[in-house]
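Asker: how would this look folded up:
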Amino acid sequence: MDWSIQEIAKLAGTTSRTLRHYDDLGLLPPSRIGGNGYRYYDRAALVRLQRILLLRELGLGLPAIADVLAGQTVEARALEGHLAWLRHEQVRLARQVASVERTIEALEGGEEIMAKDMLDGFDHTQYREEVEERWGRDAYAAGDRWWRGMGDDERAAWKERSAALGRDWNAAAESGVAPDSAEAQALAKRHVEWLTGIPGTPAGTPGGDVKAYVLGLGEMYVADPRFAANYGGERGATFVRDALAVFAEANL
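Answerer: Below you'll find the predicted structure:
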């Protein structure tokens, strides 16, 4: 069974022109082209389109999406990571919905409402308590100052560096290399260098216990779906954890 480009565009809330553009970039070729010249898409193409749309929601540009799709060839495994991210977003959005509902009720009823209730789910510092609990108040304060002190271009560059590292981890995991391989260890070295650029963390603090920090993060990548989603799900995160463990034991 397949669907025409017009049907898919309508279902996805996009346009035929956008789908043709995806084809031009090699992101989403049609399954077949009919005698009338129309593009048609089968089930596998729809799965690929779903992944493209999800990655767009994550803020990735089309070149980055192409890299992710090329590196993650096992569709079900890749979607596990997307699903973990969606569940995290579901919780965040549910908090925002409840917050707006409480605000409407208060406005219509002439009631007072606390600021923290109005803004629940909107705070970009939502992980403050978690960071402070794990690494202390100074760690959060230093990291927050560092992030706020960046310009827009610097933030964008840092995000792209982080995304590129994640893509390369995913590609390595998909390729089947071992955690102690030269490729995986080169990525582990990059990962630790990336961590040392974040002020306030043990990795970014002179004299900090970098080894314990890296090993602990590796375990957290596997245990917490929010982090595992960056590496294609639990299996990808396990590969990252194991590679970091090898690197830490040998070099930290």
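Asker: ranges for the helices of the protein?
Answerer: 5-12, 16-24, 43-57, 62-71, 75-109, 115-118, 128-135, 137-148, 152-175, 182-196, 210-223, 225-228, 234-251 (DSSP state H).
Asker: which stretch among the ones you listed comes nearest Arg32?
Answerer: Comparison of those against Arg32 by Cβ to Cβ identifies helix 43-57 as nearest, at 9.8 Å. C-beta coordinates here come from the backbone N, C-alpha and C atoms, glycine included.
Asker: which strands and helices sit next to the closest one?
Answerer: strand 2-4, helix 5-12, helix 16-24, helix 62-71, helix 75-109 (3 or more Cβ pairs under 8 Å, 6 or more residues apart in numbering; DSSP states H and E).
Asker: Name the residues of the second one that are buried.
Answerer: I take that to be helix 5-12. 5, 8-9 (16 or more other Cβ atoms under 10 Å).
Asker: Count the neighbours of Asp23 for me.
Answerer: A total of 14 residues lie near Asp23 under the criterion other Cβ atoms under 10 Å.
Asker: got it, and Leu28?
Answerer: Leu28: 22 surrounding residues under other Cβ under 10 Å.
Asker: hang on, isn't it packed against Gln50?
Answerer: No. Leu28 sits out of contact with Gln50 when judged by Cβ atoms under 8 Å, with a separation of 10.6 Å.
Asker: which stretch in the helices of the chain is the model least sure about?
Answerer: Mean pLDDT is lowest for helix 128-135 among those, at a mean of 49.
Asker: Domain-wise, how is the protein divided?
Answerer: 3-73, 150-251 (the TED database).
Asker: out of those domains, deepest packed?
Answerer: Comparing these by mean neighbour count (mean count of other Cβ atoms under 10 Å), domain 150-251 ranks first with a mean of 17.
Asker: Would you mind giving the helices of the chain as JSON lines with distance to Gly34 added?
Answerer: Formatted as JSON lines, the helices of the chain follow (distance: least, Cβ to Cβ, whole Å):
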{"stretch": "helix 5-12", "distance to Gly34": "10"}
{"stretch": "helix 16-24", "distance to Gly34": "14"}
{"stretch": "helix 43-57", "distance to Gly34": "14"}
{"stretch": "helix 62-71", "distance to Gly34": "25"}
{"stretch": "helix 75-109", "distance to Gly34": "25"}
{"stretch": "helix 115-118", "distance to Gly34": "53"}
{"stretch": "helix 128-135", "distance to Gly34": "53"}
{"stretch": "helix 137-148", "distance to Gly34": "51"}
{"stretch": "helix 152-175", "distance to Gly34": "33"}
{"stretch": "helix 182-196", "distance to Gly34": "43"}
{"stretch": "helix 210-223", "distance to Gly34": "46"}
{"stretch": "helix 225-228", "distance to Gly34": "41"}
{"stretch": "helix 234-251", "distance to Gly34": "38"}
